[in-house]
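Chemist: 3D, please:
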Amino acid sequence: MDRSSSFPAAIVDAFADKPYSGNPAGMVFLGFEPFPDEAVCIRTAAELRFSETAFVRKITETEFAVRYFTPVCEAALCGHATVASFGYLRDKKLVGFGDMLVHTKSGDIRVTVSKDGIMLDMAEAKTVSLVEKRVSDELYSAFGLPPRESVNGLVPKIVSVGLTDIMLPVASIDELDSAKQDETKIAELSRRLGVTGVHMFAITDDGYAAHCRNFAPLYGIPEECATGTSNGALYHYLSEYDLVSGEVRFIQGEAMGRPSVISVRSENGRVRVGGNSAAVMEGTIKV
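Modeler: Model (predicted):
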């Protein structure tokens, strides 16, 4: 017997002011209904074929629970899918302006909805460890880049703001653009180090704090054009070197033809990430 139900769903570009830019995510709004089984959510995410699909459940007018699914597994937190989801709910008047309490597998976060965009708390920011030189050499080599001791004093580190990534500095935008990933090696290194993936960046002085690329082949994502959690981790990483303060902007996705601008700031000791969103498609989906 078919026990599926239909729910409002959308494809939404996050960290973008207009459709067909930024990072697309799937979004399924469950209303007050419970979450479907995990296998059903994964199957739905695989059908939508985006790196993440958010399932949003309403608890009260200002309290929600969100679960995030890639085409192969559940993720604890996804910044761009959160921006996409609450931007869409705002535009459809399904959520008001102000602070929302959002329960995720990574912990409770505050999501602030405004007409100008969506800002969300990351989980507690922490530097987990330095990357050993031997492993650092493997990382650079897996991108076809020469190993090095550091980049202007910056060294690879594992950092978390809910999801754990390797922050991998390179010397210039040209080097960033030239990187060619060996997906098998990066997936194996990610598994070995217990990280989601690699966030590669080049420091610039062109109005952006850094230009970035993000790779998570272990989770079926060869490259992603905007990652809120990774840029939140990058902000924390750079703040430890006194290279950022206040609100800054990172740009990501240029290599994919989908430039995405991610705003990041520290507020009351918490890293916050945000941007705007634009819906590309909406309708209903059977889950």
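
Chemist: what helix or strand does S85 sit in?
Modeler: helix 79-91 (DSSP states H and E).

Chemist: going toward the C-terminus from that helix, what's the next helix or strand?
Modeler: strand 98-104.

Chemist: so which residues of the stretch 51-200 of the chain form helices?
Modeler: Taking DSSP state H, counting those that start in this stretch as the criterion, the stretch 51-200 of the chain carries its helices at 79-91, 133-142, 173-178, 183-193.

Chemist: name the nearest residue to F69, ignoring sequence neighbours.
Modeler: A45 (4.0 Å; Cβ to Cβ, 6 or more residues apart in numbering). From N, CA and C alone the C-beta is placed, and that goes for glycine too.

Chemist: can you read off the backbone torsions of the one you found?
Modeler: Backbone torsions for A45, taken as degrees, to the nearest 10, come to phi -60, psi -40.

Chemist: distance of G232 from V12?
Modeler: Applying Cβ to Cβ, to the nearest Å, one obtains 20 Å for the distance of G232 from V12.

Chemist: wait, S239
Modeler: With distances taken as Cβ to Cβ, S239 is found 30 Å from V12.

Chemist: looking at those two, which is more packed in?
Modeler: When S239 and V12 are compared on other Cβ atoms under 10 Å, the one with more neighbours turns out to be V12, at 31 against 16.

Chemist: got the contact list for that one?
Modeler: V12 sits next to P24, A25, M27, A84, S85, G87, Y88, S277, A278, A279, V280 when contact means Cβ atoms under 8 Å, 6 or more residues apart in numbering.

Chemist: skipping adjacent residues, who's closest to the third one in space?
Modeler: Counting by Cβ to Cβ, 6+ apart, the nearest residue to M27 once its immediate chain neighbours are dropped is S85, at 4.5 Å.

Chemist: ok so, going back, highest neighbour count among the contacts of V12?
Modeler: Counting neighbours by other Cβ under 10 Å, the top entry in these is A84, with 36 neighbours.

Chemist: how long is stretch 56-68 end to end?
Modeler: Across its full length, stretch 56-68 reaches 9 Å end to end, with Cα to Cα, to the nearest Å as the criterion.

Chemist: right, and L176 touches F201 too?
Modeler: Yes. Between L176 and F201 there is a contact under Cβ atoms under 8 Å: 7.3 Å.

Chemist: find residues that contact each of those two.
Modeler: Both L176 and F201 are contacted by V170, H211, C212, R213, under the criterion Cβ under 8 Å, 6+ apart.

Chemist: looks to me like the last one is in a strand.
Modeler: This points to R213. Yes. Counting by DSSP: H, G, I helix; E, B strand; the rest coil, R213 is found in a strand.

Chemist: list the beta-bridge partners for it.
Modeler: According to DSSP bridges, the residues that bridge with R213 are M200.

Chemist: pull the number of nearby residues for it.
Modeler: When counting by other Cβ under 10 Å, one arrives at 26 neighbours for R213.

Chemist: repeat for the third one
Modeler: Look at C212: counted by other Cβ under 10 Å, it has 28 neighbours.

Chemist: likewise for the first one?
Modeler: The local packing count at V170 equals 23, with neighbours defined by other Cβ under 10 Å.

Chemist: give me phi/psi at it?
Modeler: phi -130, psi 170.

Chemist: distance check, it against I221.
Modeler: V170 is 20 Å from I221, where distance means Cβ to Cβ.

Chemist: in space, what's closest to the most centrally placed residue in the chain - neighbours in sequence excluded?
Modeler: Of all residues in the chain, the one closest to the mean position by Cα atoms, centre = their mean is T227, 2.7 Å from it. In space, T227 comes closest to N214 once its chain neighbours are excluded; the distance is 4.6 Å by Cβ to Cβ, 6+ apart.
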